[in-house]
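Undergrad: Next comes the sequence, and after it the predicted model I'd like to discuss.
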Amino acid sequence: MLQTKVDLKPSDSTSEQPRETLVSAQVSSTRRENIEALKTTLPEDYRPYIDVYFHRTLEILKAEGLNPWVRGQVMIRKGPGTVGGIDEAIAAIEKYDSSAQSTGRIWALEEGESYDARETLLIAEKPIQSFVDLETLYLGVLSRGTTSASDGVDTIDFRRAKEKMAAVVSAAEGRPVFYFGARHWDFREDAAIAQAAFDGGATGASTDIAAALIGKKGLGTIPHVLENIMAWRYGKDQAVVEATKAFDRHIDSKIPRIALIDYNNREIDDSLATARALEGRLYGVRVDTCGENVAQGACLSPMSAQSLLWKQEGLRLPELDAPEAKYWYGSGVTVTGVFALRRALDAAGFQDVKIVLSSGFADVQKVRAFVAAEKILGVRLFDSLGVGGIYDSRAAKMDIVAVGDAPDQMTPISKAGRSYSPNPRLKEVAALVQ
């Protein structure tokens, strides 16, 4: 057993406690040996397996000279269950650390431990550039491992994945559908899953190894992690605008400028502000409102004040007991939220700004509900879809929940709905030179 002077844990306070300059992790030699062995099974070049927008984020951060310390927090919504793949996730973070000298600390549950829904499974505190482009890889192996340990599912049903994508593509009525599910499963099967998605009619994918199957490059623009760093630098109110402006400054002009506009849960305000800031260069906005939030402008029921105003215009909104009502009202990406956004963009003169929807659109009934709503509302609600969940997975998610100039100077900052959730059950696994 390796020993350390103190048993430090991530703090949930605004001011971090002082740390030792050099510590060793309290982790069993068996676990450390397993992590080291797993590193040898990982590919030498991880980059083809990564969602392209993480590569672009690293490029932007380097160009902007931004490399603050961050606290990354990993959880799985679906639970309870049994953790699997967590040591391989740690092995990936350590093996591909892109800093000149590995730095930071990792706390995690152990392989085979039980967990509850949304419980924090892993926390990493590191300089952002050292692991920002690794998220797809370590979340994927954790997702697959936990799905296997909890549900006995070890591989993907490719026929079912193809059929599910085909149903979504058909429901989208000619609009492009992209496969964005690389983070939901092991990188070793990414290309095979993408092939099933392409066979089902998808026209693009988020990783290079997947997109290469149809002679293309991976797709993707801005993730929440970039906005979180910009929130730290410029203030939360400016996070979406500044992240999109940085993308516009540093990324090939041939890549469409698509802003991710749900970071602050101000989908309308941030869309309009970004469209104005880019002065005609904004191609579109991506709506990815998480299930914890109600999108700006969305209605909770057909009796909400905004719903009643729309009814006065003669629009036929469904009643709360209608089968499609769950797609119109409430949290996440909803018909009423997207309708309010489309109207606001049009009213402000941004009719040419397109809307890309993601989050939950592997549900073919949701896609059909949006298409049917267009006929009721008399407006095109979306121009393309990003779809991930064409197979069953306990999908892991990572959120940055603190940022600072140094590990003892980090302050809480995160996207709306995903704040820091400390877990006293986590054990220190890696503590490296600062």
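TA: Sure, I can see it. Quick caveat, the model's predicted, so the values are computed rather than measured. Residues are numbered from 1 along each chain as shown.
Undergrad: Centre of the chain to stretch 162-175, how far?
TA: Stretch 162-175 sits 22 Å away from the centroid of its parent chain (Cα atoms, centre = their mean, to the nearest Å).
Undergrad: What residues sit buried inside that stretch?
TA: By neighbour count, with 16 or more other Cβ atoms under 10 Å as the criterion, the buried positions of stretch 162-175 are Lys162, Lys164, Met165, Ala166, Ala167, Val168, Val169, Ala171, Ala172, Arg175. Placement of C-beta: from N, CA and C, glycine included.
Undergrad: again, but for stretch 174-183
TA: Arg175, Pro176, Val177, Phe178, Tyr179, Phe180, Gly181, Ala182, Arg183.
Undergrad: mind checking the longest helix of this protein?
TA: For the chain, the longest helix by residue count, based on DSSP state H, is helix 135-151.
Undergrad: Please save the CA atoms from that one in CSV.
TA: Taking C-alpha atoms only, helix 135-151 is exported to CSV below (Å, rounded to 0.1, in the frame of the first residue of the first chain):
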residue,chain,number,x,y,z
GLU,A,135,-13.4,12.7,-22.5
THR,A,136,-14.8,10.5,-25.2
LEU,A,137,-12.4,7.7,-24.5
TYR,A,138,-12.7,7.5,-20.7
LEU,A,139,-16.4,8.0,-20.6
GLY,A,140,-16.9,5.4,-23.2
VAL,A,141,-15.0,2.6,-21.4
LEU,A,142,-16.8,3.6,-18.2
SER,A,143,-20.2,3.5,-19.9
ARG,A,144,-19.6,0.1,-21.5
GLY,A,145,-18.0,-1.4,-18.3
THR,A,146,-20.9,-0.2,-16.1
THR,A,147,-23.5,-1.4,-18.5
SER,A,148,-21.8,-4.8,-18.6
ALA,A,149,-21.5,-5.0,-14.8
SER,A,150,-25.0,-3.8,-14.1
ASP,A,151,-27.0,-5.3,-17.0
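Undergrad: Point out the other helices and strands that it packs with.
TA: strand 69-76, strand 81-82, helix 86-95, strand 396-404 (3 or more Cβ pairs under 8 Å, 6 or more residues apart in numbering; DSSP states H and E).
Undergrad: Please list the outside residues in contact with the next helix or strand after it.
TA: Proceeding N to C from helix 135-151, the next assigned helix or strand is helix 158-171, under DSSP states H and E. Residues outside helix 158-171 that contact it (Cβ atoms under 8 Å, 6 or more residues apart in numbering) are 177, 179, 192-193, 195-197, 199-202, 361-362, 364, 367-368, 371, 385, 387, 390-391.
Undergrad: Repeat that for stretch 68-75.
TA: The contact list for stretch 68-75 (Cβ under 8 Å, 6+ apart) reads 10, 89, 104, 118-128, 131, 139, 142, 228-229, 232, 396-407, 409-410, 418, 420-421.
Undergrad: Now the phi/psi pair for Trp107, please.
TA: Dihedral angles of Trp107 (phi, psi; degrees, to the nearest 10) stand at phi -120, psi 140.
Undergrad: Apart from its neighbours in sequence, what residue is nearest it?
TA: Nearest non-adjacent residue to Trp107, counting by Cβ to Cβ, 6 or more residues apart in numbering: Leu426, 3.9 Å away.
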